[in-house]
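Peer 1: Could you look at this predicted model? Sequence included:
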Amino acid sequence: MYGGSDFYFLMENHSEDQLCKAKFKLDLRNMHDIDNPSSKSWVVDIYPGAKIVKKLSTTDSSKKSGVKYSYAFRVEEILNDEDMIVSKVMDKGKKKQIQYNNEDYNIYFYSSFFQKKFYFMYENNEEDKVFEGNYKFTKTNLKIVGDEHSDEIKVVLQPGERELKVLVPIDPDQECTISYKYTYVVSEIEN
């Protein structure tokens with residue numbers, strides 16, 4: 001949309017459960033981004049119900065100005081329901097079966113990344129075994145939801161139990177890194 005010496009981009013998301021991720025590459029002639037004058041690109045997350053306006057303004061009104069741009073959009077489903085998240089982690093995540101003392105157990109560890117979050121899920125499908133795990137993280141720009149100052153997750157699962165842990169970026173615009181070491185024990189239920 002053009003308005004006098006300014007050029008406007010209006011982005012709206014009318015969905016209820018989808019995030020639109022937009023990337024714009026700008027080729028500006030005698031124009032600048034009003035919010036960030038040195039910017040030559042935009043990365044915009046447009047959440048459900050959001051309306052976002054980006055404005056380019058003419059730098060020198062006595063000269064010709066113009067803008068060329070290219071763009072790409074990606075749409076992601078936003079999952080807020082824990083059952084839907086668990087289902088996606090189980091379907092799309094990496095699955096590791098727990099082995100202890102050279103024996104495979106019906107206990108699983110899943111890891112997955114989507115919606116800018118790391119998901120770790122632990123599931124004990126044994127009938128008479130307890131799983132105790134300790135996962136120690138080396139992380140950059142991440143925090144554990146519910147235990148923001150910790151670098152480890154401790155899990156104790158009785159038979160039939162499942163636990164989902166989530167790590168989120170501290171600053172969503174910065175890069176995140178993660179690695180972890182773990183120890184675990186599988187033991188009989190104490191009567």
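Peer 2: That came through, no problem. Numbers count the residues shown, from 1 in each chain.
Peer 1: Could I get the contacting residues of the spatially most central residue of the chain?
Peer 2: The structure's the chain has its C-alpha centroid closest to Lys116; by C-alpha atoms, centre = their mean the separation is 1.0 Å. The contact partners of Lys116, taken as C-beta atoms under 8 Å, 6 or more residues apart in numbering, are Val168, Pro169, Pro172. Quick note: C-beta positions are derived from backbone N, CA and C, even for glycine.
Peer 1: Recalculate using a threshold of 6 Å.
Peer 2: Shown in contact with Lys116 (C-beta atoms under 6 Å, 6 or more residues apart in numbering): no residues.
Peer 1: swap in Ser57?
Peer 2: Ser57 neighbours (C-beta under 6 Å, 6+ apart): Asp6, Ile34.
Peer 1: Ok, Lys96 next?
Peer 2: Neighbours of Lys96 in contact, by C-beta under 6 Å, 6+ apart: Phe109.
Peer 1: For Lys117, list each beta-bridge partner.
Peer 2: Going by DSSP bridges, Lys117 is paired in beta bridges with Phe114.
Peer 1: so the spatially most distant residue from the centre of the chain is in which element?
Peer 2: In terms of distance from the mean C-alpha position of the chain, Ser62 ranks first, at 45.2 Å (C-alpha atoms, centre = their mean). For Ser62, there is no enclosing helix or strand under DSSP states H and E.
Peer 1: Am I right that Asp91 sits in a strand?
Peer 2: No: counting by DSSP: H, G, I helix; E, B strand; the rest coil, Asp91 is not part of a strand but helix.
Peer 1: And for it, the neighbour number?
Peer 2: 10 (other C-beta atoms under 10 Å).
Peer 1: Phe120 now?
Peer 2: For Phe120, using other C-beta under 10 Å, the count is 23.
Peer 1: Quick check: closest non-adjacent residue to it.
Peer 2: By the measure of C-beta to C-beta, 6 or more residues apart in numbering, the closest residue to Phe120 outside its immediate chain neighbours is Lys165, 4.6 Å from it.
Peer 1: Would you enumerate the residues in contact with the closest residue to Ile98 other than its chain neighbours?
Peer 2: If the residues on either side of it in the chain are set aside, Ile98 comes closest to Ile107, at 4.0 Å by C-beta to C-beta, 6+ apart. Contact analysis of Ile107 by C-beta under 6 Å, 6+ apart lists Ile98, Asn124, Phe131.
Peer 1: Same check on Phe7?
Peer 2: Neighbours of Phe7 in contact, by C-beta under 6 Å, 6+ apart: Leu56, Val67.
Peer 1: Provide the strand pairings for the host helix or strand of it, with the direction of each partner.
Peer 2: Secondary structure assignment for Phe7, by DSSP H and E: strand 6-12. The strands beside strand 6-12 in its sheet (DSSP bridges) come out as strand 2-3 (antiparallel), strand 51-58 (antiparallel).
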